[in-house]
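Asker: Kindly generate the corresponding structure for this input.
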Amino acid sequence: MNFKRLRIMAAVNVWGEVLRSNIFKREDVISIIKSVYEGMNVEPIRGVSSPPDIFDKEMITIYIIGKWGLGLDREIPIEIISSVFNKEILIEKLYNNVLQSSNRDEMCKSIDEVCKSIDETFVARVLRFAFTLYYFGYTDYTNIISFIKKLYTLLPEFQETIRRFVKFVIAYEVGARISSGKIRNDIELNMAKNIIALDIGIPKTLPSTNYIIEVSKHFFTIQENILKSLKTSATGKEILSE
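Answerer: Model prediction:
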């Protein structure tokens, strides 16, 4: 099963229902996401946990597929897009500003009100936005790593939130290598996660083997014998807490 293709199909179906029913209230679009995803047996993008607001967070996926994939931002009146995706538009503005800035003043230029109210939840969503762009192929690995490093420097008060996200990204990248057959045992897994962590360069971000496995299962189809082998190898060993 190709989880990515299925998620794209689900997002397109959500847009189809939204446009067909002429529904342009945020809460109604979230209800459509829940209905479509349940009908297609699709999970929102997530890590190990599934928080209560996961479908509100999944609006990022719908926004990105609508804008980058379908070009609907050029067809739907801006006032409608702004009313439904008000959170995502602010997130995108901060995301773009981070990439183009070398200091906090530059980052906050034109979005001063956003900067004044930044909290952990907003930072987590900006990180999710960056990952979702990368996941669906609208940006590359170099870009997302550059973004993470800049955000880590520009928002030092949220470094712990960013570390947790980096742990997730490392788990995803290792999972991709497990899925493709490049990693088949715990030695290769540990080597890969350490190399990726060194490349990113943010301390205290190494995920445990169990965390990697749990994240990977939401994005890739991995042979059960490989999962069992990695779990068995991890049992009894000292691993970093998640």
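
Asker: Longest helix in this structure, please.
Answerer: Longest helix of the chain, by residue count under DSSP state H: helix 159-179.

Asker: Can you work out which other helices and strands pack against that one?
Answerer: On a contact count with 3 or more Cβ pairs under 8 Å, 6 or more residues apart in numbering; DSSP states H and E, helix 159-179 meets helix 120-135, helix 141-154, helix 186-200, helix 209-216. For every residue, glycine as well, the C-beta is placed using N, CA and C.

Asker: Show me what counts as buried in that helix.
Answerer: 159, 161-175, 177-179 (16 or more other Cβ atoms under 10 Å).

Asker: same check, this time on stretch 75-85
Answerer: Across stretch 75-85, burial judged by 16+ other Cβ under 10 Å covers 76, 81, 84-85.

Asker: about what we covered before: what about the helices and strands packed on helix 159-179, which gets the closest to residue 106?
Answerer: Closest of the helices and strands packed on helix 159-179 to residue 106 is helix 141-154, at 9.0 Å (criterion: Cβ to Cβ).

Asker: what's the angle from the closest one to helix 120-135?
Answerer: Note on geometry: by axes from the mean of the first three to the mean of the last three Cα atoms, to 10 degrees, helix 141-154 and helix 120-135 are set 160 degrees apart in direction.

Asker: could you say what helices and strands helix 141-154 packs with?
Answerer: Using 3+ Cβ pairs under 8 Å, 6+ apart, helix 141-154 sits against helix 86-100, helix 120-135, helix 159-179, helix 186-200.

Asker: Need those helices in a markdown table (columns: distance to residue 22 and mean pLDDT).
Answerer: Listed next are the helices and strands packed on helix 141-154 as a markdown table, based on distance: least, Cβ to Cβ, whole Å; pLDDT from 0 to 100:
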| stretch | distance to residue 22 | mean pLDDT |
| --- | --- | --- |
| helix 86-100 | 19 | 96 |
| helix 120-135 | 26 | 97 |
| helix 159-179 | 36 | 97 |
| helix 186-200 | 44 | 95 |
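
Asker: The ones you listed into JSON lines, with extra columns for distance to residue 18?
Answerer: As requested, the helices and strands packed on helix 141-154 are arranged in JSON lines below (distance: least, Cβ to Cβ, whole Å):
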{"stretch": "helix 86-100", "distance to residue 18": "14"}
{"stretch": "helix 120-135", "distance to residue 18": "18"}
{"stretch": "helix 159-179", "distance to residue 18": "28"}
{"stretch": "helix 186-200", "distance to residue 18": "36"}
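
Asker: out of these, nearest to residue 107?
Answerer: helix 86-100 (4.9 Å).

Asker: Check which residues of the closest one are buried.
Answerer: 87-88, 90-92, 94-95, 97-98.

Asker: Likewise for stretch 193-206?
Answerer: Buried residues in stretch 193-206 (16+ other Cβ under 10 Å): 193, 196-197, 200, 202, 205-206.

Asker: hang on, the earlier thing: out of the helices and strands packed on helix 141-154, flag the one nearest residue 17.
Answerer: Residue 17 sits nearest to helix 86-100 of all the helices and strands packed on helix 141-154, at 18.4 Å, using Cβ to Cβ.

Asker: report the angle between the axes of that closest one and helix 141-154?
Answerer: Per the same axes, to 10 degrees, the angle that helix 86-100 makes with helix 141-154 is 90 degrees.
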